[in-house]
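> model the following, please.
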Amino acid sequence: MFGNTIDRKGRGYVLLLGLLVVVIVGMIIYFNRLHGPVYEFGKGKSDINPPWRQWHKMNVRFEKGETIGKPAAEQPKIEKVLFVKANCFNEDKKCGTVQFAFEPDGTIAGGWGANFYLSKDVHFQVMACEFKGNIDPKEIFSDEKGPDFSRLFFITKGYFSILETNSDNGRVRNVTGEAYLRGWMKIDYSVEGDLVITSDVKNFYRYTWKGEVEEDLPLSF
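Numbering: from 1, shown residues only. Purely as a prediction, here's the structure:
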């Protein structure tokens, strides 16, 4: 009789311990996520094509045997390594710098460095953020003027780690998630796009950037 009672208690302790572990892990995941004030795609924002959806769509094609491919005749050519260094902005606030390089085979690698105040009390310091990707000549640019077949699309994916400090309540936490850099290269080799960081492919921060391609630029990512 006592043996059965001990077994039941033991199972109860195991279940309680398991529940506690789940709660702790859930809290860790929650506190490591980006949350408020952030935005959602499709909620009154101009971006209706999330980068993770574009990334997935492209990789589905690759899984079916497609390759990166070369730029079309009307698109800018990448015959040598090309570099880009551009400041990121959230509206008129500078939020660090992106640096990345285009290889002749169409691949791209780069990173984001930043140290700025998200708000009066919240400070962001990017501890790590690197991304890799490629050009996608099949993606066609289009706006209210219609399609522009001369622009060359590119997209990358990586991961970020941000140290967030709140001076109002004294809290410090490490925020992690995915980073997507995407953009368009024009025929004059000017480039512009955005950097999107997210922890749950729903809420996100978005930073825009623009710059010029250079042939000789030391990068530090």
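> worst mean pLDDT across the helices and strands of the protein, which element?
The helix or strand of the chain with the poorest confidence is strand 39-40; it has a mean of 41 (mean pLDDT, DSSP states H and E).
> quick one: list the elements packing against the following helix or strand past that strand.
The first helix or strand that comes after strand 39-40 along the chain, using DSSP states H and E, is helix 51-63. Applying 3 or more C-beta pairs under 8 Å, 6 or more residues apart in numbering; DSSP states H and E, we find helix 51-63 packed against strand 152-166, strand 172-185, strand 190-198. In this view, the C-beta of every residue, glycine as well, is placed from N, C-alpha and C.
> the first one: which residues count as buried?
Neighbour counts using 16 or more other C-beta atoms under 10 Å place Leu152, Phe153, Phe154, Ile155, Thr156, Lys157, Gly158, Phe160, Ile162, Glu164 of strand 152-166 among the buried residues.
> Phe116: which of the residues you listed is nearest?
Proximity of the buried residues of strand 152-166 to Phe116 (C-beta to C-beta) peaks at Ile162, which lies at 10.6 Å.
> rewinding a little: tabulate the buried residues of strand 152-166 (JSON lines), appending pLDDT and distance to Gly183.
Formatted as JSON lines, these follow (pLDDT from 0 to 100; distance: C-beta to C-beta, whole Å):
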{"residue": "Leu152", "pLDDT": "97", "distance to Gly183": "9"}
{"residue": "Phe153", "pLDDT": "97", "distance to Gly183": "8"}
{"residue": "Phe154", "pLDDT": "97", "distance to Gly183": "6"}
{"residue": "Ile155", "pLDDT": "97", "distance to Gly183": "8"}
{"residue": "Thr156", "pLDDT": "98", "distance to Gly183": "9"}
{"residue": "Lys157", "pLDDT": "98", "distance to Gly183": "14"}
{"residue": "Gly158", "pLDDT": "97", "distance to Gly183": "15"}
{"residue": "Phe160", "pLDDT": "95", "distance to Gly183": "18"}
{"residue": "Ile162", "pLDDT": "94", "distance to Gly183": "22"}
{"residue": "Glu164", "pLDDT": "92", "distance to Gly183": "26"}
